[in-house]
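> sequence first, then the predicted structure, then my questions.
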Amino acid sequence: MGRTLLTVLMLVASHWGQSTGHTTPSRGPASGRIQNHFAAAQQAQQHNDYATAEREYQAVLIEAPGFAEAHMNLGLIYQLQDRAPEAMAQFRQALKIKPTLAGANFFLGVDYCKNGEGANAIPYLKAASRQQPNQPDIWSWLATAQEMSGDTAAEIATLKHAISLQPRNVDSLYLLGRAYEHVGKEEVNGLERASPGSSWSEQLLAESYSTSNEWSFAVIRFQNALAITPNRPGLHVENGEVFLHAGRLDQALDEFEQELRLDPHSLRALVRRGEVKLVQGSIDEALKDWSQAIAMDEPRAEQVLGIRETGLGDAVFEQLPDPLREQVEALAPQLRQHQDPAGRLALAFLAVQNGGSTRGAAKPSQEGDAGSAEYSTTACTQSNVKESLNQGRFSQASHCFPRILTPRSSADFRIQVAQALFELGNYQGSLDVLAGLSKADQHSPPAFYWRARCFEKLATSAYLRLYQAEPDSYRVHQLMADLAAARNNDAKAIEEYRAAVALKPSLPNLHYSLGHLLWKELSTDAARTEFEAELALNPRHSGALHDLGETYLMEHKTELALSYLKRALEVNPKDPELHRDLGTGYADLHDYAKAVPEFKIALQADKDGSLHYKLGRAYQALGRKEEATREFALSTSLNSESRSKLEKQTERLNQIEGSPQHP
């Protein structure tokens with residue numbers, strides 16, 4: 001509310017100035033009384049004297065009940081006193097009289113959003129946007145309403161428009177990144193539904209673990225993917241990158257070699273093999289690989305090494321472990337003696353490792369320019385493009401992509417072009433190519449995979465723009481906290497969320513995010529303070545209600561816990577964890593008849609048999625012995641299966657982490 005108040009007050013003043021002549025009597029005692037009451041109301045409002053302002057606006061409406069702006073201003077006074085139902089009634093009355101009143105449409109839309117009714121908010125916010133198209137707050141709330149109603153595509157379009165109005169608006173940029181992340185997760189879920197346990201699903205999981213700095217889990221998932229499809233290009237090189245950034249040079253080199261045996265034109269594997277050789281001190285061999293990569297596609301070679309950043313902190317992900325970085329830095333004097341393109345690329349790589357600028361550090365090689373010029377004179381035919389793609393010359397072929405794709409292009413060729421555009425950093429272009437697939441091919445595993453990766457990168461790009469716009473903003477602190485939490489660095493996340501809260505305590509979700517981590521660390525009192533602060537902003541925040549209920553459930557304050565859990569269920573009735581906790585609460589009260597249906601709904605989330613066990617106990621208490629016996633058996637089976645999986649995973653982790661590092 002705080003972020004919109006000044007803007008809305010300006011809107012109100014603007015509308016008053018534009019419409020007074022049409023809504024108040026133009027002469028006589030009545031007109032004078034109305035103007036005096038209105039002026040007194042505005043003066044009281046400016047001094048936060050809401051009681052006087054309310055009384056004066058009501059006096060205006062006694063004289064002129066059809067005065068739309070007075071209804072709107074009275075609604076604003078109620079809004080400022082957290083009297084939302086009364087405020088909404090006044091806004092509706094104002095819109096009955098004057099449907100085009102931007103302020104009333106806007107505030108009514110905001111109130112519907114705060115009540116969790118995004119679909120109801122959308123028409124009012126759209127009306128406000130038509131009246132005041134240059135107000136970014138209106139577009140921001142419209143995007144929020146669209147997110148709440150599940151229309152992420154519309155949300156993204158709205159946020160893009162908001163950013164076109166204010167390119168450095170930190171709220172719009174952050175929300176756009178979140179929206180892209182949401183769509184990316186939908187693609188991941190779609191892949192799992194369409195092809196559960198596929199190598200593509202395992203690859204996405206591996207990449208997720210890799211970005212979360214859980215390198216050994218990433219290796220396990222890449223190994224799973226390779227076990228399913230041993231000859232699929234791209235898996236070995238990504239697995240090798242995980243080993244490389246974990247400091248396991250021998251394993252990394254082996255993976256890059258295997259990739260190059262499968263695909264001799266894998267530029268990524270060639271560049272990475274050169275990187276390993278450079279770290280090992282084999283300068284000539286490293287530069288030989290990099291010369292070959294430059295001749296193939298210099299811009300992509302730079303991109304792989306982090307020299308051409310394409311998103312938030314891409315270069316950070318290319319940082320070698322400290323000991324390896326020190327080994328590379330020691331080679332600088334020898335590398336300066338190499339004045340060829342590969343030597344310049346190596347020096348640019350050193351600059352990145354030292355935290356230097358990644359822009360323009362490497363100059364285009366003559367070979368790369370010549371190759372590109374030569375290709376540009378060649379006809380853009382499908383056969384020529386396919387040849388270039390197969391040889392890893394993506395940059396040289398890119399200008400032909402829009403010309404050679406037709407509705408009759410095969411799915412395999414479209415996906416190959418989409419992958420090339422992705423690796424060139426043209427993520428929207430890649431999505432556009434994938435959108436041309438047939439309906440059946442839209443649901444193929446590679447289509448899901450590349451869409452998920454594109455949305456992930458678009459999110460990262462939005463976050464980079466956010467960081468560039470205002471690096472010390474509350475939204476950047478929130479983003480840094482989100483990233484730290486995703487990497488299980490809870491201490492850093494808590495620090496960043498607190499910094500964001502200090503800058504913008506009225507921002508939705510901040511208090512909840514901070515409280516959730518504090519609750520995770522069992523700092524119960526501090527967590528409750530944050531949950532209550534979140535609920536003061538949004539009484540229907542399901543996460544805050546759920547976590548608050550859990551805190552009281554843990555302390556066996558069951559009645560209080562259930563009151564919060566039931567409120568959370570009204571907002572999010574499909575959450576299995578909520579049903580689990582409700583069942584636990586009813587069981588604590590020995591109300592097993594109510595516990596049973598809750599546990600049954602929650603069973604979909606039972607991975608280790610614990611919920612089947614709780615359901616069995618409830619059946620046992622109700623004297624339903626056969627059903628109890630069945631649930632206990634299922635619990636034992638799931639528990640045994642879960643333990644077996646954990647033991648096997650632990651064994652694999654020990655094998656991976658116990659392997660020797662390169663000295």
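Okay, I see it.
> need the pLDDT of the closest residue to Thr629 other than its chain neighbours.
In this structure, Thr629 finds its nearest non-sequential neighbour in Gly616, 7.7 Å apart by CB to CB, 6 or more residues apart in numbering. Heads up, the C-betas are built off the backbone N, CA and C, glycines and all. pLDDT, the model's per-residue confidence, is 96 for Gly616.
> tally of neighbours for Gly616?
23 (other CB atoms under 10 Å).
> now name the helix or strand holding it.
Element membership of Gly616, judged by DSSP states H and E, is helix 610-621.
> contacting residues around Leu345?
290, 294, 298, 301-302, 305, 307, 362 (CB atoms under 8 Å, 6 or more residues apart in numbering).
> against Ser410, how distant is it?
36 Å (CB to CB, to the nearest Å).
> got it, and Thr100?
To Ser410, Thr100 is 52 Å away according to CB to CB.
> okay, the two: which has more neighbours?
Thr100 (14 against 11).
> and the helix or strand containing Asp441, how far out from the chain middle?
Using DSSP H and E, Asp441 sits within helix 439-442. Centroid separation between helix 439-442 and its chain, computed with CA atoms, centre = their mean, to the nearest Å, is 25 Å.
> please apply the same query to stretch 496-512.
17 Å.
> buried sites along it?
Of all the residues in stretch 496-512, those buried under the rule 16 or more other CB atoms under 10 Å are 496-501, 503-504, 507-512.
> span of that stretch from start to end?
In terms of CA to CA, to the nearest Å, the two terminal residues of stretch 496-512 are separated by 13 Å.
> same question for it, mean pLDDT?
Stretch 496-512 comes out at a mean pLDDT of 95.
> what does that stretch contact?
Against stretch 496-512 from outside (CB under 8 Å, 6+ apart): 1-3, 473-475, 477-478, 480-481, 484, 513-514, 517, 530-531, 533-534, 537-538, 541, 543-544, 547.
> mind doing that once more with 6 Å?
Stretch 496-512 has contacts (CB atoms under 6 Å, 6 or more residues apart in numbering) with 2, 474, 477-478, 480-481, 513-514, 530, 533-534, 537, 541, 543-544.
> what does stretch 63-77 give?
Residues from elsewhere that reach stretch 63-77, judged by CB under 6 Å, 6+ apart: 15-16, 23, 30, 33-34, 50, 53-54, 57, 60-61, 87, 90-91, 93-94, 97-98, 101, 103-104.
> same question for stretch 108-126.
With contacts defined as CB under 6 Å, 6+ apart, stretch 108-126 is touched by 84, 88, 91, 105, 141-142, 144-145, 148-149, 538, 540, 571.
> quick one: which of the residues you listed is nearest Gln442?
Nearest to Gln442 out of these is Ser149 (CB to CB; 23.4 Å).
> OK, contacts around that closest one?
By CB under 6 Å, 6+ apart, the residues touching Ser149 are 118-119.
> picking up where we left off before, which of the contacts of stretch 496-512 are buried?
Listed as buried from the contacts of stretch 496-512 are 474, 477-478, 480-481, 513-514, 530, 533-534, 537, 541, 543-544; burial here means 16+ other CB under 10 Å.
> host element of the closest residue in space to Gln478 that isn't next to it in sequence?
Closest residue in space to Gln478, ignoring its immediate chain neighbours: Ala500 at 4.5 Å, by CB to CB, 6+ apart. For Ala500, the host element (DSSP H and E) is helix 490-503.
> next, the angle helix 490-503 makes with the helix or strand following that helix.
Once the chain leaves helix 490-503, the next helix or strand it forms, by DSSP H and E, is helix 510-520. Inter-element angle recorded for helix 510-520 and helix 490-503: 150 degrees (by axes from the mean of the first three to the mean of the last three CA atoms, to 10 degrees).
> buried residues, the helix or strand just after helix 510-520. List them.
Sequence order places helix 524-537 as the next helix or strand after helix 510-520, per DSSP H and E. By 16+ other CB under 10 Å, the buried positions in helix 524-537 come out as 527-528, 530-531, 533-535, 537.
> what pLDDT does the model give the nearest residue to Gln442 once chain neighbours are set aside?
Leaving aside its sequence neighbours, Gln442 sits nearest to Leu434 (CB to CB, 6+ apart; 7.6 Å). We have a pLDDT of 96 for Leu434.
> which elements pack onto the longest helix along the chain?
When the chain is parsed with DSSP state H, its longest helix is helix 625-657. Judged by 3 or more CB pairs under 6 Å, 6 or more residues apart in numbering; DSSP states H and E, helix 625-657 is in contact with helix 215-228, helix 610-621.
> for those helices, give me CSV that also has distance to Val170.
Formatted as CSV, the helices and strands packed on helix 625-657 follow (distance: least, CB to CB, whole Å):
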stretch, distance to Val170
helix 215-228, 32
helix 610-621, 42
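> residue ranges with poor pLDDT in the stretch 151-300 of the chain?
Judged against pLDDT under 70, the stretch 151-300 of the chain has no low-scoring part.
> for His579, give me its contacts.
In this structure, His579 makes contact with 598, 601-602, judged by CB under 6 Å, 6+ apart.
> assign it to helix, strand or coil.
With DSSP: H, G, I helix; E, B strand; the rest coil as the basis, His579 sits in helix.
> what's the separation between it and Arg55?
Distance from His579 to Arg55, by CB to CB: 49 Å.
> got it, and Leu634?
In terms of CB to CB, Leu634 sits 66 Å off from Arg55.
> which one of these two has more residues nearby?
For Leu634 versus Arg55, neighbours defined as other CB under 10 Å are more numerous around Leu634 (18 against 15).
> nearest residue to the more buried one in space, please, no chain neighbours.
Spatially, and ignoring its direct neighbours in sequence, Leu634 is nearest to His612 (4.4 Å; CB to CB, 6+ apart).
> and if you look at Arg580?
Ala602 (3.9 Å).
> check Glu631 too.
The shortest distance from Glu631 to any non-neighbouring residue, by CB to CB, 6+ apart, is to Gly616 (3.4 Å).
> that neighbour reaches Arg630, doesn't it?
No - the pair Gly616 / Arg630 is not scored as a contact, 7.8 Å apart, by CB atoms under 6 Å.
> and for those two, which residues touch both?
Applying CB under 6 Å, 6+ apart, one finds that no residue jointly contacts Gly616 and Arg630.
> can you count the residues close to Ser164?
Ser164: 11 surrounding residues under other CB under 10 Å.
> please name every helix or strand in contact with the helix or strand harbouring it.
For Ser164, the host element (DSSP H and E) is helix 152-165. Contact here means 3+ CB pairs under 6 Å, 6+ apart; on that basis helix 152-165 packs against helix 136-148, helix 170-194.
> run the angle between that helix and helix 136-148 for me.
Angle of helix 152-165 versus helix 136-148, following the same axes, to 10 degrees, is 170 degrees.
> so which bits of helix 152-165 are buried?
Across helix 152-165, burial judged by 16+ other CB under 10 Å covers 152, 154-156, 158-159, 161-163.
> ok, now which ones touch the residue nearest to Glu631?
Contact partners of Gly616, counting by CB under 6 Å, 6+ apart, are 628, 631-632.
> save these as a markdown table, and put in neighbour count too.
Shown next, in a markdown table, are the contacts of Gly616 (neighbours: other CB atoms under 10 Å):
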| residue | neighbour count |
| --- | --- |
| Ala628 | 18 |
| Glu631 | 25 |
| Phe632 | 18 |
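> between those, which sits nearest Gly190?
When those are compared for distance to Gly190 (CB to CB), Glu631 wins out at 32.3 Å.
> what's near enough to touch that closest one?
612, 615-616.
> the nearest residue to His443 once chain neighbours are set aside and Gln203, how far apart?
Once flanking residues are discounted, His443 sits nearest to Ala194: 5.2 Å by CB to CB, 6+ apart. Distance, Ala194 to Gln203, by CB to CB: 15 Å.
> what about those two, which has more around it?
The neighbour count for Ala194 versus Gln203, taken as other CB under 10 Å, is higher for Gln203 (26 against 16).
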